[in-house]
Every structure is written in C-alpha cells, then in structure tokens.
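Q: my questions are about this predicted structure, shown below with the sequence.
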Amino acid sequence: MDPIRIAVVGMGKIARDQHLPAIAGNPAFSLAATVSPRDSGVEGISHHRSLDDLLAQGPAVDAVALCTPPQVRYDLAAQALAKGVHVFLEKPPGATLAEVHTLANQADRVGATLFASWHSRFAAGVAPARAWLAERRIDSVKVIWREDVRVWHPGQAWIWQPGGLGVFDPGINALSIITHILPRPFFLSEATLEIPENRAAPIAADLHFRDTAGAAIHMDLDWRQTGPQSWDIVVETDAGTLRLAQGGAVLTLPSETLHNEDHEYPGLYARFATLIRSGRSDVDLAPLTLVADAFLRGKRLVTDAFFD
Ligand code: NAP
C-alpha cells in the first residue's frame, strides 16, 4: 500500500517536537510538504508559505496535519477538505464548537477523514486507567494542572488572545483524559476564571463538576506555578485510589505502579492512518464543550497583569 502523503501545516513547537518525528517513524506516512508563513521548513522537503500555495502548485498530498494556533484552523481545514484531503487537527480542534461541527459535516459529505486529536488520551497510563475505572464506583476526582506558562509557552501571543484558551490550552488535556477514563458523563456546576487585566484569556481557573451519580470532580488549573510542575489526576473509588501523574504517563493503582514508554504522537498517527484506511472520522468534542461551558458559566475575576 502506498504511504499517505502528508503535509505539516504550522511549523511551530509541536510540529517540530512531535509531528515530524512521529511521521518519520510511521511507514504508513511520507512527509510530502510543509507549510508555514515564516518558518523555512525542512531540508529536502517542499516548503510553502501558505496552504493556498501548496494546494495550487505544490506536490500532491493526501492529508494535512494542522499544527497552527486554533484560531486559524477552521479555514485551513475547510480548504483541505474541499479538495478531498484528510485532516488531522491538533488540539483544541477549533476556536468554537460550531466550526468543528461544520468541519465534521463537511468531511462526511466529501468522504474525507477528519481526526480531532487529543494527544493526552494516548499517554501510557490512560488506557489501563480507563479499563480499571470501568468496574469501580467513583467517589471523587481531583485534577491538579499547574505549570509555568513562561517555561511552556514563551512568547506565544495567540494563546492569550480570544480563542487561544489561556490556561485551558493545557487544561483541556486533563479534560481529554477524564472525559475518556471516567465511566459516567459529567458537567460543570461552578467555575471561577482569573484573567490578567492586560490579557483576554485566563491564567488560572477553579472548576467544579459533578457526574450523573453526583460524584464531585474538582479541577485546579494555574499557569503561575514555578518550581515543581503538576499534571496529576487522583480518583477515589470503592476499591482505593487511582493516580495518574505526569500528564497521564505514570499510573498508580492500589496494587502497582505502571511506567510505560511515551507513545502519544506515534499513537495519534497510528490512529490517523487507521481512520484514513477505513474511511472514518473521529471527532469527539466533549473536552472542548466543557471548556466552552466554563467560559459560558464561569465567574470572571480580573487579576494582575501578565508579562512574558
Ligand atoms: P507555536 O509554536 O506558536 O506554532 C504555531 C505555528 O503555526 C507558528 O509557527 C506559525 O508559523 C504557524 N501558523 C500560524 N498561522 C498559520 C497559517 N495561517 N498557516 C500556516 N501556519 C500558520 O504553537 P505550538 O505550541 O506548536 O501549538 C500549536 C498547536 O498545537 C496549539 O493548538 C497547541 O495547543 C497544540 N499543542 C502544543 C503543544 C506544545 O507543547 N507546544 C503540545 C500539544 C499540542 P510561522 O512561525 O511560520 O509564522
């Protein structure tokens, strides 16, 4: 079978750190082109300043991976799908829910694959956590996602702009995990968003959810953490405590701790290839829906200005 000719669009941090190595490591794909307005691409690979330019005069592509900020992703995805090109969306899949629904309908109409990826769901501890929790009674859940924005997102202006999500940019990774591992649906009951006076997006958020059986889920997101960073989920159950640490990589159950190799992006590309080969899409909007609900229902507090 011929490899899927893919273009990477948006040659920023995640494209270089994760997408290029995952594509190079998966024989189902061949890197056909890169697209980025300012970046100069990869030696030996056709590079284009815009997707227009690639689609008009570049090498033929079967798929694109959109690694841009979310605010520009809809137009790029719609343009690719209009040509029957399969689309991999980095997380979050868009800047609004309706635009992603529109893309999913478009993909169905044209018979192309749309994959709204959630890389944290492919962290090593997540699948075994989901299997273990499936048989338990959930009593409570705590999510602590505290990191230093200056370390992880230096100079990323888009992340503070409307649609950039602020602290929900990492927080949505935690939501992508808990919407996947918890056996019952849950929804927001109360939230407080702290927004720096000079920015449009929150730097911290405190969120309370409850599931359909009444179990409390508390989420603490903060971008002002210096020193040790926390990407932890703790689930209290009738059979003891489950802990997922390091963003889902390390799973501790009452009887054992599992450390497995990182395979988030290789896992995403394996899934994308399977979806394309089987003519299907995968668009789960649950994590983005919960973020939208936090903006819809949360109380906003203005806090100190933030400077990079
Ligand atoms: P980034 O470093 O700011 O890179 C984004 C890139 O998009 C920029 O390099 C920019 O290219 C390019 N771009 C902007 N508009 C474009 C357009 N219209 N057409 C083509 N390219 C365009 O951001 P990032 O950290 O890689 O994040 C990108 C996405 O990946 C976000 O949704 C983020 O949530 C997600 N993500 C990031 C991480 C991470 O650790 N950073 C992890 C997982 C997922 P030029 O430089 O050429 O202008």
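A: Cool, got the structure. Bear in mind the structure is a predicted one, so any value in this text is a computation, not a measurement.
Q: determine if any part of whatever helix or strand Thr274 lives in is in contact with the ligand.
A: Thr274 is located in helix 264-278, with elements delineated by DSSP states H and E. No. Judged by Cβ under 6 Å from any ligand atom, helix 264-278 stays clear of the ligand, getting no closer than 8.7 Å. From N, CA and C alone the C-beta is placed, and that goes for glycine too.
Q: Glu264 contacts Ser120, doesn't it?
A: Yes. With contact defined as Cβ atoms under 8 Å, Glu264 reaches Ser120; the gap is 7.0 Å.
Q: pick out whichever of the two has more residues nearby.
A: Ser120 (24 against 21; other Cβ atoms under 10 Å).
Q: got a list of what that one touches?
A: Going by Cβ atoms under 8 Å, 6 or more residues apart in numbering, Ser120 touches Val126, Asn173, Ala174, Ser176, Ile177, Gly247, Gly248, Glu264.
Q: for Thr257, same thing?
A: Val250, Leu251 are the contacts of Thr257 under Cβ under 8 Å, 6+ apart.
Q: so what's the residue in the stretch 1-150 of the chain positioned nearest to the ligand closest to, chain neighbours aside?
A: The minimum distance from the stretch 1-150 of the chain to the ligand, using Cβ to the nearest ligand atom, falls at Gly12 (1.7 Å). Nearest residue to Gly12 in three dimensions, chain neighbours excluded: Cys67, at 6.4 Å (Cβ to Cβ, 6 or more residues apart in numbering).
Q: that neighbour and Ala205, how far apart?
A: 25 Å (Cβ to Cβ, to the nearest Å).
Q: now do Asn260
A: Taking Cβ to Cβ, one finds Asn260 at 30 Å from Ala205.
Q: measure how far the lowest-mean-pLDDT helix or strand in the chain is from the centre of its chain, please.
A: Lowest by mean pLDDT, DSSP states H and E among the helices and strands of the chain is strand 256-259, with a mean of 87. From the chain centre to the centre of strand 256-259 is a distance of 25 Å (Cα atoms, centre = their mean, to the nearest Å).
Q: ok, that strand: who's next to it in the sheet?
A: strand 250-253 (antiparallel) (DSSP bridges).
Q: do me a favour and average the pLDDT over the strand it pairs with.
A: Strand 250-253 comes out with an average pLDDT of 97.
Q: hmm, Ser30 and Pro3 touching each other?
A: Yes. When contacts are counted by Cβ under 8 Å, Pro3 is listed as touching Ser30 (4.2 Å).
Q: which residue packs closest to Thr289, ignoring adjacent ones?
A: Leu97 (6.4 Å).
Q: try Gln229
A: Nearest residue to Gln229 in three dimensions, chain neighbours excluded: Glu147, at 4.7 Å (Cβ to Cβ, 6+ apart).
Q: double-check that neighbour against Arg224; I have them as touching.
A: No. Judged on Cβ under 8 Å, Glu147 makes no contact with Arg224 at a distance of 9.2 Å.
Q: more crowded one of the two?
A: Glu147 (21 against 17).
Q: how much space separates the spatially closest residue to Arg121 that is not a sequence neighbour from Gly44?
A: Counting by Cβ to Cβ, 6+ apart, Arg121 lies nearest to His180, which is 5.1 Å off, once chain neighbours are set aside. Per Cβ to Cβ, His180 is found 38 Å from Gly44.
Q: which of those two has more neighbours?
A: It is His180, of His180 and Gly44, that has more neighbours when counted by other Cβ under 10 Å, with 19 against 7.
Q: work out for me the element that one sits within.
A: With DSSP H and E as the test, His180 turns up in helix 168-181.
Q: ok, His47 next?
A: strand 46-48.
Q: shouldn't Glu236 be in contact with Asp139?
A: Yes. Glu236 is in contact with Asp139 according to Cβ under 8 Å; the separation is 4.4 Å.
Q: residues contacting Val64?
A: Ile6, Ala7, Val8, Val9, Val35, Leu51, Leu76, Ala80, Val85, His86, Val87, Phe88.
Q: show me which residues of this structure sit near the ligand.
A: Counting by Cβ under 6 Å from any ligand atom, the chain sits next to the ligand at 9-15, 35-39, 67-70, 72, 90-91, 119, 156, 169.
Q: okay, now the domains of the protein?
A: 4-116, 120-260+292-303 (automatic domain parsing).
Q: just the pLDDT for Ala204.
A: Reported pLDDT for Ala204: 98.
Q: how close does it sit to Asn173?
A: 16 Å.
Q: might you report the residue contacts of the residue nearest to the spatial centre of the chain?
A: Residue closest to the mean C-alpha point of the chain, counted by Cα atoms, centre = their mean, is Lys91 at 3.0 Å. Shown in contact with Lys91 (Cβ under 8 Å, 6+ apart): Ala116, Ser117, Trp118, His119, Ile172, Asn173, Ser176, Pro287.
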